[in-house]
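Asker: Sequence below, structure please.
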Amino acid sequence: MSQEKEDNLVKELMDQSVVKMPFDDFEGRLMLKIYKEEKAFHAFLKDVKLSWLFFIIGTLFGLILSTVAGEMNITIFGFHAQQLVLFLQTTFVIFLLFQFDKLIGLSRNNFNLGGMEKSATKTQNH
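Answerer: Here you go, the predicted model:
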């Protein structure tokens, strides 16, 4: 084969290898999807932070309420207040542990997602 034929063959192959976009607005839709996912991720971070805040506030409120209720000398439905407070404190601790476990799981998941996002960005930049 001559050099000219080889050049034409290479040019033809290169023209055929051009990837066409599947849709005219493919890039715009893809960027919009990425933007929405990023926005949802930041909303998730905000929700986790608010969950921790209200968890701490609720815990403090529960501790104060149970302390104050334990000092009262009243009877409710035939039970002394201290007996009811013991039942409520037990229920409160169980609820507190379940919520704490869920928040730890969300925070750990959040940390892992953030780590993957940062490592993907580093890979793209290199």
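Asker: now the host helix or strand of residue 10: mean pLDDT?
Answerer: Taking DSSP states H and E as the criterion, residue 10 maps to helix 3-16. Mean per-residue pLDDT for helix 3-16: 82.
Asker: And stretch 104-112, by the same measure?
Answerer: Stretch 104-112 carries an average pLDDT of 78.
Asker: Then stretch 55-66?
Answerer: On average, stretch 55-66 scores 86.
Asker: Touching it from outside, list them.
Answerer: With Cβ atoms under 8 Å, 6 or more residues apart in numbering as the test, stretch 55-66 has contacts from 85, 88-89, 92, 96, 99-100, 103. All C-beta atoms are positioned from the backbone trio N, CA, C, and that covers glycine.
Asker: Which of those fall in helices?
Answerer: 85, 88-89, 92, 96, 99-100, 103 (DSSP state H).
Asker: Of those residues - the most surrounded one?
Answerer: residue 85 (20 neighbours; other Cβ atoms under 10 Å).
Asker: dump the residue contacts of that residue.
Answerer: Residue 85 sits next to 66, 69-70 when contact means Cβ under 8 Å, 6+ apart.
Asker: Now with 10 Å, please.
Answerer: By Cβ atoms under 10 Å, 6 or more residues apart in numbering, the contact set of residue 85 is 65-72, 79, 92.
Asker: Endpoints of stretch 66-83, how far apart?
Answerer: 11 Å (Cα to Cα, to the nearest Å).
Asker: Which positions in that stretch come out as buried?
Answerer: residue 69 (16 or more other Cβ atoms under 10 Å).
Asker: got the ones in helices among the contacts of stretch 55-66 as a markdown table, with distance to residue 10 columns?
Answerer: Shown next, in a markdown table, are the ones in helices among the contacts of stretch 55-66 (distance: Cβ to Cβ, whole Å):
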| residue | distance to residue 10 |
| --- | --- |
| 85 | 86 |
| 88 | 82 |
| 89 | 81 |
| 92 | 76 |
| 96 | 71 |
| 99 | 66 |
| 100 | 65 |
| 103 | 61 |
